[in-house]
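S.K.: Sequence below, structure please.
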Amino acid sequence: MQHSFLPPELWLRILYWATFNPAREVNTLVAIPVFDSVTHHETEEQYANTLRVKLNLALVCKWWRDNTREFLYEDVHLRHEAESLANLFEQSKRDCPLSLGYGRYVRKIALPLVRNRPSGPVHGWARKEVPRIIKCCPNLLVLSRYHRDKINPFEPQKHDAPSVYGDLDSDIRGVLSAIRRIDWNSGLMLNQHNLVAGPRVTWFAQSLEALSLSEEVFSRPPDVLQCTSVVRLPRVHTLRVGLTRISGDPRDIYRMTLELPALRRVVLDNASALMAVVDCCLSVWGPQVRVLEIGSDWFMTSSHLSHLSQYFPNVETLHYAGRYMLREPPDREFRKLRLIVWRASQDGCRDVTGDYDLEAGFSILLGEQSKFPSIRKIELHGPEWTTLVSDARFQNVLRLSYIRGVEISCKTEAALALDEAKLKYQDACPTGIREDTF
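M.R.: The predicted structure follows:
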């Protein structure tokens with residue numbers, strides 16, 4: 001292909017933006033996205049679309065392939081046999097030792113969500129090939145396991161099988177000395193018991209900033225933690241805890257202690273996740289948390305809200321993706337909470353009867369007996385709000401927000417419907433309301 005019509009510098013910028021995805025920005029890559037428990041499928045789809053563009057551009061000609069290689073390998077998802085990729089990385093490293101091979105471009109590796117089963121044709125490659133790939137990636141920042149795979153809950157398992165990723169620990173600890181985010185979280189998938197434990201390097205990564213944990217950490221901790229009373233991760237500012245369905249006596253859960261002096265944000269995917277980490281770290285580090293997120297698997301009750309206000313007394317921002325409207329006020333006040341970002345779920349923010357109890361739900365936040373004295377703004381996220389704000393009962397919600405001086409806004413698909421609801425309320429209000437009230 002002829003490139004003489006444009007200078008190489010301009011072609012490089014074109015290729016950069018043609019293959020761009022948010023993971024290329026370090027701050028975005030390290031941060032756990034807001035409402036990831038709801039939108040992770042959208043993130044996976046975006047990755048797949050971007051990869052398709054990269055592959056198409058790499059096939060145009062040798063010059064384009066050479067100049068898109070950096071982008072092609074920046075975000076690696078392992079879905080199947082990875083021997084070819086491991087061979088490629090090792091061969092490129094031998095061919096050009098000073099450049100460290102193609103692995104130097106990799107900043108994120110996502111592993112499949114697999115069970116702790118004997119090595120076999122489906123996932124047997126993981127024990128051998130994954131360490132080979134990671135050892136070729138000196139600039140790796142994020143190690144995660146994605147949850148696209150569907151696992152058959154009736155599939156027979158061997159409980160004493162070695163961990164699928166067990167060989168990672170002995171081979172990659174030095175390579176991951178600069179790792180900044182580890183996601184070892186089964187998300188909201190059901191029947192995910194006996195998943196493999198995360199790499200032991202998690203507990204020694206002093207550069208780690210964002211950490212996602214799941215049930216294996218609490219019910220079957222790595223052997224390395226059995227003789228460690230305290231695990232200190234000085235730079236972790238975000239902690240996410242996923243599915244924690246522990247069988248047996250809760251007192252049998254391993255009570256490890258996490259020291260997280262930089263902790264500022266906590267993401268809880270479900271109600272049991274809260275209790276799983278209370279003794280672990282929240283009783284000490286919870287008061288310094290400023291941002292709290294509640295995942296979509298919550299059935300929010302008064303007791304849950306009370307526990308949250310107890311362990312996070314200084315939270316200023318709440319991201320809520322619960323399936324149901326709030327039904328009862330908490331026993332304690334959220335004295336410093338100023339912003340609530342509320343995402344409606346696909347099945348709607350209903351009450352226990354299946355109806356949209358809009359006024360009752362918002363009354364807990366904005367009513368006379370509200371336990372949220374400092375709230376100043378409520379942001380609505382998700383397309384479901386298009387229906388909710390168009391409901392006649394939402395006019396009472398706008399009345400409550402006006403009385404409290406609380407702004408209700410929307411930056412998603414429902415923004416137009418919300419504007420129309422506000423105009424309707426202004427027209428119906430006999431005294432008139434200024435535009436900036438909302």
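S.K.: looking at this, residue 373 is in a helix?
M.R.: No - with DSSP: H, G, I helix; E, B strand; the rest coil as the criterion, residue 373 is assigned coil and is not in a helix.
S.K.: Can you point out the buried residues in the longest helix along the chain?
M.R.: Counting residues, the longest helix in the chain under DSSP state H turns out to be helix 36-58. Buried positions in helix 36-58, judged by neighbour count with 16 or more other Cβ atoms under 10 Å: 36-40, 47, 50-51, 54, 57-58. Every C-beta, even on glycine, is put in place using the N, C-alpha and C of the backbone.
S.K.: can you count the residues close to residue 234?
M.R.: Counted with other Cβ atoms under 10 Å, the burial measure for residue 234 works out to 11 neighbours.
S.K.: To clarify, my last question referred to residue 387.
M.R.: With other Cβ under 10 Å as criterion, residue 387 counts 14.
S.K.: and it, how far is that from residue 359?
M.R.: As for residue 387, its distance to residue 359 is 16 Å (criterion: Cβ to Cβ, to the nearest Å).
S.K.: picking that back up, reformat the buried residues of helix 36-58 as TSV; add distance to residue 261 and pLDDT.
M.R.: Converted to TSV, those look like this (distance: Cβ to Cβ, whole Å; pLDDT from 0 to 100):
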residue	distance to residue 261	pLDDT
36	24	84
37	26	77
38	30	78
39	30	78
40	29	75
47	33	81
50	36	86
51	38	86
54	40	89
57	45	88
58	44	87
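S.K.: Let me know the closest of the residues you listed to residue 401.
M.R.: Comparing the buried residues of helix 36-58 against residue 401 with Cβ to Cβ places residue 38 closest, at 24.4 Å.
S.K.: Quick one: the strands in the stretch 201-350 of the chain, in order.
M.R.: For the stretch 201-350 of the chain, strands defined by DSSP state E, counting those that start in this stretch occupy the ranges 210-213, 230-232, 238-241, 257-259, 265-268, 291-294, 317-320, 339-343.
S.K.: now the ones you listed as JSON lines including mean neighbour count, mean pLDDT and distance to residue 416?
M.R.: Rendered in JSON lines, the data for the strands of the stretch 201-350 of the chain read as follows (neighbours: other Cβ atoms under 10 Å; pLDDT from 0 to 100; distance: least, Cβ to Cβ, whole Å):
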{"stretch": "strand 210-213", "mean neighbour count": "24", "mean pLDDT": "88", "distance to residue 416": "35"}
{"stretch": "strand 230-232", "mean neighbour count": "13", "mean pLDDT": "80", "distance to residue 416": "49"}
{"stretch": "strand 238-241", "mean neighbour count": "25", "mean pLDDT": "90", "distance to residue 416": "33"}
{"stretch": "strand 257-259", "mean neighbour count": "17", "mean pLDDT": "80", "distance to residue 416": "45"}
{"stretch": "strand 265-268", "mean neighbour count": "25", "mean pLDDT": "90", "distance to residue 416": "30"}
{"stretch": "strand 291-294", "mean neighbour count": "22", "mean pLDDT": "91", "distance to residue 416": "27"}
{"stretch": "strand 317-320", "mean neighbour count": "20", "mean pLDDT": "92", "distance to residue 416": "23"}
{"stretch": "strand 339-343", "mean neighbour count": "21", "mean pLDDT": "91", "distance to residue 416": "18"}
